[in-house]
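Peer 1: Build me a model from this:
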Amino acid sequence: MNSITQESLDLMKGALAQPDYTIAKSISTQTGLIAYDLQAPAKNLYPFVTPIRNSIPRVGGGVGSATNWRQVNALIGSGFDAMGWVPEGQRSGQMSYSTSTKTSTFVTIGEEDAATFEAISAGRTFEDVQATMAFRLLQKMMLKEEMAILAGNASLTLGTPSTPTLSASGAGATLPAATYFVKVVALTLEGYQNSSVLGGVGTSKIVIGADGKNFTLAGGSSNISAEASQAVTLGQTLFCTVIPIQGAVAYAWYVSTTSGTETLQAITTINSLAVTTPLSTGNQSQSTITTDNSANPSYAYDGLLTTALKPGSNAYVSIMPTGTAGIGTALTASGRGSVIEIDTMFQKMWDNFQLSPTVLYVNSQELKNITAKVLSNASGPLLRYDTPADGSAGEYQLTASGVVQYYYNPFAINGGLRIPIRIHPRVPAGTIIGWAENLPIQYQSNEVPNVAEVKTRQDYYQIDWPIVTRQRQVGVYAEEVLAIYAPFAMGVISNIANG
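Peer 2: Got it, this is the predicted structure:
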């Protein structure tokens with residue numbers, strides 16, 4: 001062995017033999033000379049919930065700028081419409097038809113993403129950056145499409161809310177004594193999703209496309225109301241109400257102690273507000289709202305909720321009464337294991353069009369409230385718990401808590417049906433949506449296989465853009481329209497208070 005190497009080994013052995021282990025102790029995990037345990041691939045910890053998009057039929061073959069159809073709205077009998085009597089030997093008069101032409105314009109929805117060449121190279125052995133980018137891009141596209149199918153708005157404008165009605169009363173609140181000034185803005189479902197107290201109300205947004213071109217989208221908010229004022233003494237609560245607007249699912253309230261300087265203080269899913277504490281500062285100013293930004297007529301199509309809420313749709317629409325300001329009007333228990341407002345919706349849809357919803361979409365708040373209304377002391381005798389008479393099952397077993405999964409509708413031609421109650425993350429608190437996904441048997445000659453469908457001119461397609469910079473750019477698009485053939489097959493209950 002080389003003498004220098006042997007000498008070095010002897011010196012090392014001697015050093016390690018010393019009691020203080022000086023050299024050995026100098027290397028530890030603190031130096032960072034350790035491996036890095038990175039689990040591959042990246043974990044996608046974001047919700048991907050698109051139940052309506054998943055269930056609604058998609059039909060291809062679209063051409064031109066729009067899909068069009070003629071519909072027969074009613075068969076009108078001769079003479080008295082409900083009477084068919086004819087004298088012996090004579091002929092009946094001739095029936096007539098009520099018809100109309102419907103048109104839905106194709107629009108484009110899409111999303112884009114990009115990955116630099118460095119990111120693609122650096123991701124090797126971790127994940128296929130280009131493949132996962134395309135996968136997440138498609139998911140985001142579908143999430144946006146879910147909102148479009150549910151709440152897209154091309155034609156329903158909210159206008160300007162009425163001037164709020166204010167009052168002050170009570171004791172024990174901490175709102176400082178002053179004269180308060182209030183304005184209000186109504187929000188569509190899109191507007192509600194685009195707004196928050198800290199982030200402000202969604203008005204309009206300039207979108208800078210990946211091609212460098214710009215376009216502007218309306219955020220889903222109405223114009224701002226005129227100003228109202230109310231003097232408040234210390235200890236009183238300031239109560240604010242506005243006339244509800246059909247098409248609005250929420251209201252944004254701007255409050256100040258100086259005229260014309262109101263700032264956003266609250267967003268409610270009922271048409272009223274109670275202010276009990278000092279106003280917050282630094283929020284969006286009322287001066288940001290200058291016009292109605294509720295619809296996107298150039299880019300969007302009307303979703304299920306928008307179509308139902310439009311005047312003349314023949315859908316069942318019920319707006320709960322204002323009730324006490326800041327509290328509102330909650331659902332009402334029938335005392336027999338049901339909810340009066342839902343029962344009324346079912347009955348009206350049957351009386352008017354002889355059909356029933358096949359699904360109810362609700363927010364977590366309304367699912368909880370429906371359960372509370374249905375499971376009460378009054379409905380207790382209607383519930384049943386089964387156990388073997390011989391006691392072979394041993395002690396009884398119960399599961400705490402629970403929710404109502406189905407709602408029975410007795411107003412159906414074949415003796416009623418069970419309707420699933422489905423929670424949806426985009427349905428706002430205070431709103432219940434009933435939808436007949438399929439027309440019942442009495443419409444069997446309707447030539448309408450789907451109550452609503454996504455009619456596509458070009459279904460999902462991916463564009464891998466030419467390389468003009470050192471990154472891979474990808475877009476996912478679809479050219480489609482939501483064709484709703486039977487708007488009357490929907491029902492909406494809105495402005496529901498919590499409780």
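Peer 1: Can you pull out the low-pLDDT segments for the stretch 301-450 of the chain?
Peer 2: 377-401, 444-446, 449 (pLDDT under 70).
Peer 1: show me where the stretch 51-200 of the chain has strands.
Peer 2: Using DSSP state E, counting those that start in this stretch, the strands of the stretch 51-200 of the chain run over residues 58-59, 66-76, 96-105, 107-116, 165-169, 178-187.
Peer 1: would you list those in TSV and tack on distance to residue 476?
Peer 2: (Glycine included, C-beta is placed from N, CA and C.) Output for the strands of the stretch 51-200 of the chain, formatted as TSV (distance: least, Cβ to Cβ, whole Å):
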stretch	distance to residue 476
strand 58-59	15
strand 66-76	22
strand 96-105	21
strand 107-116	6
strand 165-169	48
strand 178-187	29
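Peer 1: Select, out of these, the one closest to residue 447.
Peer 2: strand 66-76 (9.2 Å; Cβ to Cβ).
Peer 1: which ones are touching the residue nearest in space to the middle of the chain?
Peer 2: What sits nearest the mean C-alpha location of the chain, by Cα atoms, centre = their mean, is residue 426, with 2.1 Å. Contacts for residue 426 were tallied using Cβ atoms under 8 Å, 6 or more residues apart in numbering; they are 146-147, 150-151, 189, 193.
Peer 1: what about the nearest residue to residue 487 once chain neighbours are set aside, neighbour count?
Peer 2: Among residues not flanking residue 487 along the chain, residue 313 sits closest, at 4.1 Å (Cβ to Cβ, 6 or more residues apart in numbering). Residue 313: 18 surrounding residues under other Cβ atoms under 10 Å.
Peer 1: on that earlier part again, deepest in the core, which of the strands of the stretch 51-200 of the chain is it.
Peer 2: strand 178-187 (a mean of 24; mean count of other Cβ atoms under 10 Å).
Peer 1: Measure how far that strand is from the centre of its chain, please.
Peer 2: Distance of strand 178-187 from the chain centroid (Cα atoms, centre = their mean, to the nearest Å) equals 26 Å.
Peer 1: Partner strands of it, with direction?
Peer 2: strand 221-224 (antiparallel), strand 228-232 (antiparallel), strand 250-256 (antiparallel) (DSSP bridges).
Peer 1: Now do the longest one against strand 165-169, angle only.
Peer 2: In other words, strand 250-256. 60 degrees (axes from the mean of the first three to the mean of the last three Cα atoms, to 10 degrees).
Peer 1: mean confidence score for strand 250-256?
Peer 2: Across strand 250-256, pLDDT averages out at 98.
Peer 1: Kindly report the same for stretch 91-98.
Peer 2: 85.
Peer 1: can you list the residues that contact it?
Peer 2: 72-79, 84, 86.
Peer 1: The same query, at a cut-off of 6 Å, please.
Peer 2: Outside stretch 91-98, the residues that touch it by Cβ atoms under 6 Å, 6 or more residues apart in numbering are 72-74, 76-79, 86.
Peer 1: again, but for stretch 182-198
Peer 2: 151, 153, 158, 161, 164, 166, 201-202, 219-222, 224-225, 227-228, 240, 242, 245, 248-255, 262, 264, 267, 286, 289, 294, 305, 428.
Peer 1: same check, this time on stretch 163-174
Peer 2: Here stretch 163-174 has contacts from 182, 184, 225-226, 228, 230, 232, 235-242, 276-277, using Cβ under 6 Å, 6+ apart.
Peer 1: ok, which stretches of this protein are helices?
Peer 2: 3-16, 22-25, 51-55, 117-122, 129-151, 189-193, 304-309, 340-353, 364-374 (DSSP state H).
Peer 1: Which among those is found nearest to residue 90?
Peer 2: helix 340-353 (33.6 Å).
Peer 1: As PDB, could you dump the C-alpha coordinates of the closest one?
Peer 2: Coordinates of each C-alpha in helix 340-353 appear next as PDB, following Å, rounded to 0.1, in the frame of the first residue of the first chain:
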ATOM      1  CA  ILE A 340     -94.400  23.000   2.900                       C
ATOM      2  CA  GLU A 341     -92.500  25.000   0.300                       C
ATOM      3  CA  ILE A 342     -91.200  21.900  -1.400                       C
ATOM      4  CA  ASP A 343     -94.600  20.200  -1.300                       C
ATOM      5  CA  THR A 344     -96.100  23.300  -2.900                       C
ATOM      6  CA  MET A 345     -93.500  23.300  -5.700                       C
ATOM      7  CA  PHE A 346     -94.200  19.700  -6.400                       C
ATOM      8  CA  GLN A 347     -98.000  20.300  -6.500                       C
ATOM      9  CA  LYS A 348     -97.800  23.400  -8.700                       C
ATOM     10  CA  MET A 349     -95.500  21.600 -11.200                       C
ATOM     11  CA  TRP A 350     -98.000  18.800 -11.400                       C
ATOM     12  CA  ASP A 351    -101.000  21.100 -11.600                       C
ATOM     13  CA  ASN A 352     -99.500  23.200 -14.400                       C
ATOM     14  CA  PHE A 353     -97.600  20.700 -16.400                       C
END
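Peer 1: buried ones in that helix?
Peer 2: 341-346, 349-350, 353 (16 or more other Cβ atoms under 10 Å).
Peer 1: Look up how far residue 152 lies from the residue lying closest to residue 365 once chain neighbours are set aside.
Peer 2: Closest residue to residue 365 apart from its sequence neighbours, by Cβ to Cβ, 6+ apart: residue 429 at 4.0 Å. Counting by Cβ to Cβ, to the nearest Å, the gap from residue 429 to residue 152 is 21 Å.
Peer 1: can you count the residues close to residue 327?
Peer 2: Neighbour number of residue 327 under other Cβ under 10 Å is 15.
Peer 1: ok so, going back, would you mind saying which of the strands of the stretch 51-200 of the chain lies nearest residue 459?
Peer 2: Between these, strand 58-59 lies closest to residue 459; by Cβ to Cβ that is 6.6 Å.
Peer 1: For that closest one, which strands pair with it and how are they oriented?
Peer 2: As assigned by DSSP bridges, strand 58-59 forms pairs with strand 452-464 (parallel).
Peer 1: what's the pLDDT at the closest residue to residue 462 other than its chain neighbours?
Peer 2: Excluding the flanking residues, the one nearest residue 462 by Cβ to Cβ, 6+ apart is residue 476, at 5.2 Å. In this model, residue 476 is scored at 94, pLDDT.
Peer 1: Dig out what residue 476 forms beta bridges with.
Peer 2: Bridge pairing for residue 476 - DSSP bridges - gives residue 111, residue 462.
Peer 1: ditto for residue 237
Peer 2: According to DSSP bridges, beta-bridge pairing links residue 237 with residue 169.
Peer 1: From what I see, it and residue 272 are in contact.
Peer 2: No: using Cβ atoms under 6 Å, residue 237 is not in contact with residue 272; the gap is 11.8 Å.
Peer 1: of these two, who's got more company?
Peer 2: Taking neighbours as other Cβ under 10 Å, residue 237 and residue 272 compare with residue 272 leading, 25 against 20.
Peer 1: Could you pull up the residues touching that one?
Peer 2: Taking Cβ under 6 Å, 6+ apart as the test, what residue 272 contacts is 241, 322, 325-326.
Peer 1: Show me these that map onto strands.
Peer 2: residue 241 (DSSP state E).
Peer 1: Please convert the contacts of residue 272 to JSON lines, extending it with neighbour count.
Peer 2: As requested, the contacts of residue 272 are exported to JSON lines (neighbours: other Cβ atoms under 10 Å):
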{"residue": "241", "neighbour count": "23"}
{"residue": "322", "neighbour count": "19"}
{"residue": "325", "neighbour count": "21"}
{"residue": "326", "neighbour count": "19"}
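Peer 1: Now flag whichever of the contacts of residue 272 is closest to residue 337.
Peer 2: residue 322 (27.9 Å).
Peer 1: Contact partners for the closest one?
Peer 2: With contact taken as Cβ under 6 Å, 6+ apart, residue 322 is in contact with 241, 271-272.
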